[in-house]
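Peer 1: Any chance you can model this:
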Amino acid sequence: MNRSANLFAILIAICCATVTAPKASPIDSALGTRVQVVDSIIEFGKTFVGKAYKSKGPTNRTMDCSGFLGEVFGKFNHVLARSSELIAKQVNPIGLNDVRKGDFLFFKGSDSNSPDVGHASLVIGINAGTISMLHSCSRGILIEDYQASDYYLHRFLFAGRLPALEEAKISIIGVGDMMLGTNFPSASYLPPNDGKDLLTPVKDILTNADITFGNMEGAIMTGPGTAKRCQDSLNCYVFKSPDHYANYFQENGFDVVNLANNHAGDFGPPGKQSTWRILKEVGIEYAGPLEQPYTIFKKNGITYGFCAFSPNSGTSDINDLKNAASIVKHLDSLSDIVIVSFHGGAEGAKRTHITKSDEIFLGENRGDPYHFARAVIDAGADVVFGHGPHVTRAIDLYKGRFIAYSLGNFATYGRFNLKGNAGLAPIIKVFLNKKGEFQSGSIVSTKQLGEGGPVLDSSEAVLHEIISLTQADVPDAPLVIDKDGEIKKK
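Peer 2: I've put the predicted structure just below:
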């Protein structure tokens, strides 16, 4: 080989060795696999079009309605029951508007007066709202449009999806204000057993999500520190928890916390720096201070962007919508899922309603939570968690993205007013698809008794509060909250 040819070969080898295709995220990989399987199932099913009803399939199965579906799905290791009625019990029911390729439509049988499932078909396409279905019926194995058949329109019962073909979902839990006890002005404000048990009643819930978020009030700082100036030290509401209390957050599932609030600077720069250092040591992400308005982190291969805002000095300003949008757009360009937290809105038992305008409290503009949430969603946010009023507020859905306007006092020991609705708080869990769009959610009701600490509330008081406030404040929100706390899209 001559010198020129040898050089050319080396260059080709270098290019081939260094240029690789972009790595797909786990969400895209999971989605791609599901779509490929569904497409393969449909293409295989189409090969039977034109065959007679109850003809024999490749495995000698009688291809009546359920037998045909079993033959097709069995090819790809999805075992279906032997009757349409039993297949209906294998699926997760879905709304007709949520149907996609690979789902099932279930119908009454020949007796239209019977409520039982008697027939099933496979959805193979949707075009301009028209659902194309593949099935085996008395006319043979064929493809037809569901909406074009009065026979099936009148017999339709529900749609369903096999759990194995569900799109990968991301689960995120959000809770409100957290302050697990303060050693200022006295260690007497720390909880029994050094706070180890404070979150135990809800630990199993908090640890059961991909991401768990809360609003952390005060500093993490064992040493004495210098508190912000107060006229009366005995009635001075400044908080700092011992260093090891950060472990309690980590042990109970918290991945990320908001530090944009009115207590983040209770012990000045030393308190802030101590808090940031200790949170990093235990592996908890944070954002909100001007020094760190946002953070980007990965968990289970998914990239999350998180930012936080408040009206308080030293934090990203909730009233600067232009800057907030800029931060969110930046995160959206780098992340799979963007979570926004805000500490805003007027405080107090009577401040449960959103006003859809600036909320003034003690002479301070606490922001307009309604329009702030919409502005950050317009910029690319996927979930918006609010807190600050110390009571729970409505939930909402805007452009398919979830909003909680205030999550209340969740775990606040010793120095908070927990009377009435101030002692109620939800644990809200939302499920998102890979685009960040809300799919479903749930509300678990908690309450704080005595000096504080969350326990489950069998009366579901905060659930009833959220239902009432949502109906009153955002009646057009495309959400349904049922009596069991399940949140669904309309």
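Peer 1: okay but residue 336 is in contact with residue 299, surely?
Peer 2: No. Using C-beta atoms under 8 Å, residue 336 is not in contact with residue 299, being 10.4 Å away. For the C-beta atoms, the positions are set from N, CA and C on the backbone; glycine is no exception.
Peer 1: who has more neighbours, those two?
Peer 2: Between residue 336 and residue 299, counted using other C-beta atoms under 10 Å, the more crowded position is residue 336 (21 against 13).
Peer 1: And the pLDDT for that one?
Peer 2: In the prediction, the pLDDT value recorded for residue 336 is 96.
Peer 1: Please apply the same query to the one 5 residues further on.
Peer 2: The confidence metric pLDDT takes the value 98 at residue 341.
Peer 1: Tell me which stretches of the stretch 301-450 of the chain form helices.
Peer 2: Using DSSP state H, counting those that start in this stretch, the helices of the stretch 301-450 of the chain run over 321-334, 369-379.
Peer 1: Would you mind saying which of those helices lies nearest residue 282?
Peer 2: The closest of the helices of the stretch 301-450 of the chain to residue 282 is helix 321-334. By C-beta to C-beta, the value is 23.1 Å.
Peer 1: Buried by neighbour count: which residues of the closest one qualify?
Peer 2: Neighbour-count burial for helix 321-334, counted by 16 or more other C-beta atoms under 10 Å, picks out 321, 324, 325, 327, 328, 330, 331, 332.
Peer 1: what do you get for stretch 155-168?
Peer 2: 155, 157, 159, 160, 161, 162, 165.
Peer 1: where exactly do the strands run in the stretch 51-200 of the chain?
Peer 2: Applying DSSP state E, counting those that start in this stretch to the stretch 51-200 of the chain gives strands spanning 92-94, 104-108, 117-127, 130-137, 140-145, 156-161, 170-179.
Peer 1: how does this protein divide up, domain by domain?
Peer 2: The chain breaks down into these domains under automatic domain parsing: 26-165, 170-226+235-489.
Peer 1: Tell me which of those domains sits most buried.
Peer 2: domain 170-226+235-489 (a mean of 20; mean count of other C-beta atoms under 10 Å).
Peer 1: how near is the residue nearest to residue 407 when sequence neighbours are not counted to residue 446?
Peer 2: Counting by C-beta to C-beta, 6 or more residues apart in numbering, the nearest residue to residue 407 once its immediate chain neighbours are dropped is residue 176, at 3.2 Å. Note on residue 176: its distance to residue 446, by C-beta to C-beta, to the nearest Å, is 10 Å.
Peer 1: Are there residues contacting both of these two? Which ones?
Peer 2: 410, 425, 426 (C-beta atoms under 8 Å, 6 or more residues apart in numbering).
Peer 1: mind listing what the closest residue in space to residue 423 that isn't next to it in sequence touches?
Peer 2: Of all residues not flanking residue 423 in the chain, residue 448 sits nearest, at 4.6 Å (C-beta to C-beta, 6+ apart). Shown in contact with residue 448 (C-beta under 8 Å, 6+ apart): 409, 411, 412, 418, 423, 425, 454, 455.
Peer 1: Let's see which of these end up in strands.
Peer 2: 409, 411, 412, 425, 454, 455 (DSSP state E).
Peer 1: List just the nearest of these to residue 441.
Peer 2: residue 425 (15.7 Å).
Peer 1: hey, what's that closest one bridged with?
Peer 2: residue 446 (DSSP bridges).
Peer 1: circling back: and the shared contacts of residue 176 and residue 446 as CSV, adding pLDDT and distance to residue 253?
Peer 2: Below are the shared contacts of residue 176 and residue 446 laid out as CSV (pLDDT from 0 to 100; distance: C-beta to C-beta, whole Å):
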residue, pLDDT, distance to residue 253
410, 97, 13
425, 97, 16
426, 98, 16
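Peer 1: For residue 383, state which of these is nearest.
Peer 2: So of the shared contacts of residue 176 and residue 446, ranked by how close each gets to residue 383 (C-beta to C-beta), first place is residue 426, at 14.5 Å.
Peer 1: those strands in the stretch 351-490 of the chain, which residues are they?
Peer 2: Counting by DSSP E, counting those that start in this stretch, the strands of the stretch 351-490 of the chain are 360-361, 364-365, 383-387, 395-398, 401-404, 409-412, 424-432, 438-448, 454-456, 479-481, 486-489.
Peer 1: Now the last one: average pLDDT?
Peer 2: Looking back up the chat, that one is strand 486-489. On average, strand 486-489 scores 92.
Peer 1: Any chance you could list what contacts it?
Peer 2: 95, 98, 395, 397, 430, 438-443, 478-482.
Peer 1: Figure out how far that strand is from the centre of its chain.
Peer 2: 12 Å (C-alpha atoms, centre = their mean, to the nearest Å).
Peer 1: Adjacent strands (with direction) for that strand?
Peer 2: strand 438-448 (antiparallel), strand 479-481 (antiparallel).
Peer 1: For those strands, give me TSV that also has mean pLDDT and distance to residue 103.
Peer 2: Shown next, in TSV, are the strands paired with strand 486-489 (pLDDT from 0 to 100; distance: least, C-beta to C-beta, whole Å):
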stretch	mean pLDDT	distance to residue 103
strand 438-448	95	15
strand 479-481	95	20
